[in-house]
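Peer 1: Return atomic coordinates for the entry below.
(2 chains)
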Amino acid sequence: MAGTTVADPGSGLTPAELAARHGLTVAGQRPSLPAYIRQLWAYRNFIGSYANARVVASFSSSRLGRLWQVLTPLTNAAVYYLIFGVVLNTRGNVPNFIAYLCTGLFVFIYTQTVVSNGVQAITSNLGLIRALNFPRAALPISMTIIQLQNLLASMLVLIGIVLVTGEPITAEWLLVGPALLLQSVFNLGLGLAFARLGSKLPDLKQVMPFVMRTWMYGSAVLYSADLFARHLPEWAARLLHANPMLVYIELMRDALLAEAPLASSSLALWTLGVGWALLFGVGGFVYFWLGEQEYGRG
Amino acid sequence: MAEVTSTAEATATTTGERIPTIVVDDVHVIYRVYGAGTPGTGSPVASLRRLVTGARPGRVREVHAIKGVSFTSYRGEAIGLIGSNGSGKSTMLRAIAGLLPVDRGAIYTMGQPSLLGVNAALMNDLTGERNVELGCLAMGMSKADVRRLTPSIIEFSGINDRGDFASLPMRTYSSGMAARLRFAIAAAKRHDVLLIDEALATGDARFRRRSEKRVRELRGEAGTVFLVSHTINSIRDTCERSIWLESGVIRMDGPTDDVVKEYESFMNSK
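Peer 2: Next comes the predicted model:
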């Protein structure tokens, strides 16, 4: 039927010919990658205010409001310290265990929440997506920005804990910035990738908590990383040492704590950190962009 | 996005040929719905049996909403889309706006059509003012534009008629107030091709008069207007051409008076 339809009785052209003749474009076509990046840049104000609006909205019904951004990590640290520091005593040979534990915990929770929110970034905003035309990557990006805000609040708590437990302030603290930047790029890519996966596979939402918990145990959050070398075969330990989450956690521990035992050398950590950030940052973005015109379907 | 408005341009080329704004070519749209299975397929045992036997998951169902629709619209036209509930009118508009991908066929558009619906998701926990800001930014406005337009949008919506509601969360609004604010936000922008989904039925009589006036203004600025509505009178008032959709296929396409007459006799005969 398509080939025989005449769109305009006067001209005798097929629809496609008529459209081409007057310079019409296909609706909902995916923009090129550079055009997509330009679009996102044009929507930067929307991304920022959407992130802000989500944070305000999520705390609006609680009495303490945004104080929870600080209280949540504090409570988390207290609970984990009680279980792993006092009851189970996994401190091993770590000198300042509570600071060591909290650093790992907060860095890991940053990635964990980005992933779990990323999976739902598209599916939970279908109304918005079906009503308005904006580059869809704006949604996972603002989710990541929200979690970055939460992490910065956690960092305040962490610095408090680190200072109270008697760590000296050193020049190495300046490395916190670059380490966070690398992890944020990594998270952004991961969030984008999971946003696309989550929009295709609704079941992913149920599976992710288990994946993330396994990942947490493989990232030496609750115990020292040299447990891997002691209890696992050599190849498995090596594999775990390249785990991006372990890398970002160790980078942060290296920057903040004076005597934290590290599984890899500083140089190896930074190389891996940059590598993972580039791989996931670029890969995740391109992967998300490839699905751009499909997100309205749900 | 650049805001290109083509108000001053003629509706035909110098050779007298009409200029098409939207060409819809044999379009099919299919929704895939999860978790809408027949009774009994949702139980854990049934899921397990499907896993073991390798049967197709019965909980994914396809809804063929648009089945091979073709038409062309020209600059300066106002087209009404009518049809009973679930006939595919809103789906058609979303596909034209590029918000919903088509499964087969193609839709060609001039510029970026904008969908003006009353269902645009806004956040209930935020104040009216914040929602205005967010909505405008989502339509691609700049921060300066948003600051400039916010007072007039709130004024137009009339939510402040009964006290300062703009600084209260939207969950405290009546449903009419929320709908009015959504319409006011959506109508604040100028559009090339404008798609209006039931928006004229919003709010009380006073607001309806105001919104109909605004739609006429928007029509003057836009190249083509599509209007989906169950209020036949608003279609008669605004559109000279109408397309009647039924179960995803076009039953009739022509002058509004003829199409509406057929449509009404069809609806009354049931």
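
Peer 1: Where does the prediction get shaky in chain A?
Peer 2: Scanning chain A with the threshold set as pLDDT under 70 gives A:1-12, A:90, A:92, A:298.

Peer 1: all helices in it, in order from the N-terminus.
Peer 2: A:15-21, A:33-42, A:44-59, A:68-80, A:97-119, A:126-131, A:138-164, A:176-200, A:204-217, A:226-231, A:234-241, A:244-256, A:266-290 (DSSP state H).

Peer 1: just the CA coordinates of stretch B:209-216, formatted as PDB?
Peer 2: C-alpha atoms of stretch B:209-216 as PDB (Å, rounded to 0.1, in the frame of the first residue of the first chain):
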ATOM      1  CA  ARG B 209     -13.100  31.000  27.200                       C
ATOM      2  CA  ARG B 210      -9.600  32.200  28.000                       C
ATOM      3  CA  SER B 211      -8.000  29.000  26.800                       C
ATOM      4  CA  GLU B 212     -10.000  29.000  23.600                       C
ATOM      5  CA  LYS B 213      -8.800  32.500  22.900                       C
ATOM      6  CA  ARG B 214      -5.200  31.400  23.500                       C
ATOM      7  CA  VAL B 215      -5.500  28.400  21.200                       C
ATOM      8  CA  ARG B 216      -6.700  30.700  18.400                       C
END
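
Peer 1: tell me which residues of that stretch are tucked away?
Peer 2: Counting neighbours by 16 or more other C-beta atoms under 10 Å in any protein chain shown, one finds that the buried residues in stretch B:209-216 are B:210, B:211, B:214, B:215. (Each C-beta comes from the backbone N, C-alpha and C, glycine too.)

Peer 1: In helices, which of the residues you listed appear?
Peer 2: B:210, B:211, B:214, B:215.

Peer 1: How is the chain partitioned into domains?
Peer 2: Just going to use chain A. Here the domain parsing of chain A from automatic domain parsing is A:1-29, A:31-297.

Peer 1: my question was about chain B
Peer 2: According to automatic domain parsing, the ranges for chain B are B:12-28+B:66-113+B:191-270, B:121-190.

Peer 1: on that earlier part again, out of the domains of chain A, deepest packed?
Peer 2: Most buried of those, by mean neighbour count (mean count of other C-beta atoms under 10 Å in any protein chain shown): domain A:31-297, with a mean of 18.

Peer 1: Now do that domain: distance from first to last residue.
Peer 2: In terms of C-alpha to C-alpha, to the nearest Å, the two terminal residues of domain A:31-297 are separated by 18 Å.

Peer 1: by contact count, what packs against the helix or strand where residue B:207 lies?
Peer 2: Element membership for residue B:207, per DSSP states H and E: helix B:205-221. Counting contacts by 3 or more C-beta pairs under 8 Å, 6 or more residues apart in numbering or on different chains; DSSP states H and E, helix B:205-221 packs against helix B:175-186, strand B:193-197, strand B:224-228, helix B:232-238.

Peer 1: ok, 10 Å please
Peer 2: Here helix B:205-221 is seen to pack against strand B:78-82, strand B:114-117, helix B:143-157, helix B:175-186, strand B:193-197, strand B:224-228, helix B:232-238 when contacts are counted using 3 or more C-beta pairs under 10 Å, 6 or more residues apart in numbering or on different chains; DSSP states H and E.

Peer 1: got CSV for these, with mean pLDDT and mean neighbour count too?
Peer 2: Putting the helices and strands packed on helix B:205-221 into CSV (pLDDT from 0 to 100; neighbours: other C-beta atoms under 10 Å in any protein chain shown) gives the following:
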stretch, mean pLDDT, mean neighbour count
strand B:78-82, 90, 25
strand B:114-117, 74, 24
helix B:143-157, 89, 17
helix B:175-186, 82, 22
strand B:193-197, 83, 26
strand B:224-228, 86, 25
helix B:232-238, 82, 17
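
Peer 1: Of all the ones you listed, which one is nearest residue A:238?
Peer 2: helix B:143-157 (50.0 Å; C-beta to C-beta).

Peer 1: and the angle from the closest one to helix A:44-59?
Peer 2: 60 degrees (axes from the mean of the first three to the mean of the last three C-alpha atoms, to 10 degrees).

Peer 1: tell me the contacts of the nearest residue to residue A:253 once chain neighbours are set aside?
Peer 2: Nearest in space to residue A:253, with sequence neighbours left out and distances taken as C-beta to C-beta, 6 or more residues apart in numbering or on different chains, is residue A:260 at 4.3 Å. Residues near residue A:260 by C-beta atoms under 10 Å, 6 or more residues apart in numbering or on different chains: A:94-96, A:99-100, A:103-104, A:167, A:224-225, A:250, A:252-254.

Peer 1: Could you dump the domains of chain B into TSV and include distance to residue A:25?
Peer 2: Shown next, in TSV, are the domains of chain B (distance: least, C-beta to C-beta, whole Å):
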stretch	distance to residue A:25
domain B:12-28+B:66-113+B:191-270	6
domain B:121-190	17
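
Peer 1: looking at these, which is closest to residue A:30?
Peer 2: domain B:12-28+B:66-113+B:191-270 (9.9 Å).

Peer 1: ok, back up a step: mind checking the helices of chain A for the one nearest to residue B:78?
Peer 2: When these are compared (using C-beta to C-beta), the closest one is helix A:15-21, at 20.6 Å.

Peer 1: which secondary structure elements does that closest one contact?
Peer 2: Helix A:15-21 packs on strand A:25-26, strand B:20-33, strand B:61-74, strand B:104-109, going by 3+ C-beta pairs under 10 Å, 6+ apart.

Peer 1: quick one: contacts for the residue in the stretch 151-298 of chain A positioned nearest to chain B?
Peer 2: Nearest to chain B, among the residues of the stretch 151-298 of chain A, is residue A:296, at 4.5 Å (C-beta to the nearest C-beta). By C-beta under 10 Å, 6+ apart, the residues touching residue A:296 are A:28, A:122, A:126, A:129-131, A:133, A:136, A:199, B:94-95, B:97-101.

Peer 1: of all those, which comes closest to residue B:141?
Peer 2: Nearest to residue B:141 among the contacts of residue A:296, with distances taken as C-beta to C-beta, is residue A:133, at 12.8 Å.

Peer 1: quick one, what contacts the most centrally placed residue in chain A?
Peer 2: When C-alpha atoms, centre = their mean is applied to chain A, the residue found nearest the centroid is residue A:187 (2.9 Å). Residues near residue A:187 by C-beta under 10 Å, 6+ apart: A:110-115, A:118, A:140, A:143-144, A:147-148, A:151, A:180, A:244, A:248, A:277, A:280-281, A:284.

Peer 1: wait, isn't residue A:26 in contact with residue A:19?
Peer 2: Yes - between residue A:26 and residue A:19 a contact is recorded at 8.1 Å, counting by C-beta atoms under 10 Å.

Peer 1: Between those two, which contacts overlap?
Peer 2: By the contact definition C-beta under 10 Å, 6+ apart, residue A:26 and residue A:19 are jointly contacted by B:23, B:106, B:107, B:108, B:109.

Peer 1: among the helices and strands of chain B, which has the poorest mean pLDDT?
Peer 2: helix B:44-53 (a mean of 68; mean pLDDT, DSSP states H and E).

Peer 1: and the stretch 151-298 of chain A, which of its residues are near chain B?
Peer 2: A:202, A:203, A:292, A:293, A:294, A:295, A:296, A:297, A:298 (C-beta under 10 Å from any C-beta of the partner chain).

Peer 1: Try it again at 7 Å.
Peer 2: A:202, A:293, A:294, A:296, A:297 (C-beta under 7 Å from any C-beta of the partner chain).

Peer 1: So what pairs up with residue B:228 in the strands?
Peer 2: Note on residue B:228: beta-bridge partners by DSSP bridges are residue B:81, residue B:197.
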